[in-house]
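Peer 1: Requesting a structural model of the entry that follows:
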Amino acid sequence: MVSRIGSAAVRFGVGAAAAVATCMGSAVAAGQPGSADTGSGILGDIIGSGSSSGSSGSGSGGSGSAGGGSSDSGSSGSGLPGGGVQQCNNSTKSGGAGVTTTVHQLGVAGPTSFVLAYETYDIPDRIQVFYENAQIHDTGYVGDNANQGTGSAVVTVPAGGATSVTVRVTGPSRTKWEYTVHCPR
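Peer 2: Predicted structure coming up:
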């Protein structure tokens with residue numbers, strides 16, 4: 001299991017870094033202040049530098065979709081457990097089935113865009129992004145035994161007054177996933 005996670009971490013880190021560098025410009029590629037974290041949560045799991053925690057949260061916030069949050073046991077590493085409210089550039093992790101809803105503070109209102117980098121490993125999960133209660137991105141179900149769900153997408157946020165987006169991840173039993181909402185540039 002560790003070697004599979006290790007190879008996924010390498011692919012995730014490189015793929016996300018390339019996507020962020022391409023979409024966000026040279027400041028990110030050069031690692032300047034405000035640059036995006038592209039995989040430290042996965043690496044924290046591999047080297048054991050993280051700590052386990054569980055959390056429950058609510059799906060409320062400036063933007064947000066209906067939902068009462070979720071319990072997330074099994075989160076680990078340097079990423080934050082799903083649920084509640086998080087700042088952009090923080091890795092969000094879960095090891096559990098069901099629906100996890102997390103509000104991410106972007107710091108700016110729309111119109112803007114950000115990179116959503118994700119890893120759904122080998123059990124398909126669906127990641128949806130909402131802004132002011134309207135869906136603005138849907139990965140569909142990604143990740144299976146043949147094709148791990150490593151990917152990223154540039155999410156376009158329309159004009160609006162809210163400074164946050166809500167991310168909802170839906171996964172079956174035995175799922176493991178993580179994602180990062182990178183701060184807009």
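
Peer 1: On the pLDDT front, check Lys176 for me.
Peer 2: At Lys176, the pLDDT value in this model is 90.

Peer 1: wait, it sits on Ser94?
Peer 2: Yes. Assessed by Cβ atoms under 8 Å, Lys176 is found in contact with Ser94 at 7.3 Å. Bear in mind the C-beta positions are built from the backbone N, C-alpha and C, glycine included.

Peer 1: Neighbour count for those two, which is higher?
Peer 2: Ranked by neighbour count (other Cβ atoms under 10 Å), Lys176 and Ser94 place Ser94 first, with 27 against 20.

Peer 1: What sits closest to the more buried one if chain neighbours are left out?
Peer 2: Among residues not flanking Ser94 along the chain, Gly82 sits closest, at 4.6 Å (Cβ to Cβ, 6 or more residues apart in numbering).

Peer 1: Can you get me a residue count around the nearest residue to Gly143 once chain neighbours are set aside?
Peer 2: In this structure, Gly143 finds its nearest non-sequential neighbour in Gly149, 2.6 Å apart by Cβ to Cβ, 6+ apart. The burial count assigned to Gly149 is 22, neighbours taken as other Cβ under 10 Å.

Peer 1: Contacts only, for Gly149.
Peer 2: Tyr118, Glu119, Thr120, Tyr121, Asp122, Pro124, Asp125, Val142, Gly143, Trp177 (Cβ atoms under 8 Å, 6 or more residues apart in numbering).

Peer 1: Tell me which two of those residues sit farthest apart.
Peer 2: Farthest pair in the contacts of Gly149 (Cβ to Cβ) is Tyr118 and Asp122. Separation: 13.7 Å.

Peer 1: Output the contacting helices and strands for whatever helix or strand Val169 lives in.
Peer 2: If you go by DSSP states H and E, Val169 is part of strand 164-171. Judged by 3 or more Cβ pairs under 8 Å, 6 or more residues apart in numbering; DSSP states H and E, strand 164-171 is in contact with strand 91-94, strand 98-105, strand 125-131, strand 177-181.

Peer 1: again, only this time at 7 Å
Peer 2: Other elements packing on strand 164-171 under the criterion 3 or more Cβ pairs under 7 Å, 6 or more residues apart in numbering; DSSP states H and E are strand 98-105, strand 125-131, strand 177-181.
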